[in-house]
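> Output the structure for:
(2 chains)
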Amino acid sequence: AQKVTQAQTEISVVEKEDVTLDCVYETRDTTYYLFWYKQPPSGELVFLIRRNSFDEQNEISGRYSWNFQKSTSSFNFTITASQVVDSAVYFCALSSYNFGNEKLTFGTGTRLTIIP
Amino acid sequence: DAGVTQSPTHLIKTRGQQVTLRCSPKSGHDTVSWYQQALGQGPQFIFQYYEEEERQRGNFPDRFSGHQFPNYSSELNVNALLLGDSALYLCASSFTSGKNIQYFGAGTRLSVL
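Next comes the predicted model:
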């Protein structure tokens, strides 16, 4: 069975501070995908990133960066110089790499509030 | 390019009734997945449709059923509604060879009274 744990329920930071959202996962699959989605108040889940389990290279996209560590089953997400528009609920998710077994297993989310 | 569209936006039903939710996938996508998101929780996978057939199913009772049409659009049907079915229902679409990047619609908010 797959499981995703986001231990941080809510985080509040002052604008321009850096913030890291934690994600820990469990899976028996040897190859899998990891994802981060953002859910603003409108409700739509916005795709941010997908990583393959066999590619542990960290990634940076603008103010966003992701740290994937297979040894600790973690896939953490850092926002640098946070902005009010970053306020949302962020979900980490996991899926199998296998065709036909593509359901996403989500964590319970972290509500991020950026204080102006 | 239109994204994933869902209708209706909001719906109010009473216990025991039946409901149908609709989803149009993103252009070029052939796979549709449905998720249920209770308040304060992460989305839970209901099922996925590909080539008009249910390919994978989560832990939901048979009251939840679906359909995919030749144009790849999809419906989610829920029979004998319970209070606990109140949730945001999210549709996601993806392309079979797109390495499982699922794009979500804004959802249908179902309230069961």
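
> partner residues bridging the nearest residue to residue A:21 once chain neighbours are set aside?
Nearest residue to residue A:21 in three dimensions, chain neighbours excluded: residue A:77, at 4.5 Å (C-beta to C-beta, 6 or more residues apart in numbering or on different chains). For the C-beta atoms, the positions are set from N, CA and C on the backbone; glycine is no exception. For residue A:77, the beta-bridge partners are residue A:21, residue A:66 (DSSP bridges).

> residue contacts, residue A:77?
When contacts are counted by C-beta atoms under 8 Å, 6 or more residues apart in numbering or on different chains, residue A:77 touches A:20-21, A:23, A:36, A:48-49, A:64-67, A:90, A:92.

> Recalculate using a threshold of 6 Å.
A:21, A:36, A:66 (C-beta atoms under 6 Å, 6 or more residues apart in numbering or on different chains).

> Would you quantify the distance from it to residue A:16?
Separation of residue A:77 from residue A:16 (C-beta to C-beta, to the nearest Å) stands at 18 Å.

> ok, and what's touching stretch B:63-70?
Stretch B:63-70 has contacts (C-beta under 6 Å, 6+ apart) with B:32, B:46-47, B:49, B:52, B:74-80.

> and of those residues, the nearest to residue A:111?
Closest approach to residue A:111 among the contacts of stretch B:63-70 (C-beta to C-beta): residue B:46, at 23.9 Å.

> Give me the number of neighbouring residues for the one residue in chain A that gets nearest to chain B.
Closest residue of chain A to chain B, C-beta to the nearest C-beta: residue A:106 (3.4 Å). The criterion is other C-beta atoms under 10 Å in any protein chain shown. On that basis, residue A:106 has 22 neighbouring residues.

> ditto for residue B:96
Residue B:96, neighbours per other C-beta under 10 Å, totals 14.

> how much space between it and residue B:31?
6 Å.

> what does residue B:7 give?
19 Å.

> Residue B:59 too?
Counting by C-beta to C-beta - residue B:59 and residue B:31 are separated by 20 Å.

> what does residue A:35 give?
In this view, residue A:35 and residue B:31 are 16 Å apart by C-beta to C-beta.

> Residue A:24 now?
For residue A:24, the distance to residue B:31 - C-beta to C-beta - is 28 Å.

> more neighbours, those two?
residue B:31 (22 against 17).

> Paired strands for the helix or strand of chain B with the lowest mean pLDDT, with orientation please.
Every helix and strand in chain B was compared by mean pLDDT, DSSP states H and E; the lowest is strand B:53-57, with a mean of 93. Paired with strand B:53-57 in the same sheet, following DSSP bridges, are strand B:44-50 (antiparallel).

> Might you calculate how far the strand it pairs with sits from the centre of the chain?
7 Å (C-alpha atoms, centre = their mean, to the nearest Å).

> For that strand, which outside residues touch it?
A:103, B:31-36, B:54-58, B:60, B:64, B:66, B:68, B:74.

> Quick one, which of these are buried?
A:103, B:31-36, B:55-56, B:58, B:60, B:64, B:66, B:68, B:74 (16 or more other C-beta atoms under 10 Å in any protein chain shown).

> Show me the beta-bridge partners of the residue nearest to the spatial centre of chain B.
Most central in chain B under C-alpha atoms, centre = their mean is residue B:34, positioned 3.2 Å from the mean C-alpha point. Beta-bridge pairing for residue B:34 (DSSP bridges): residue B:47, residue B:91.
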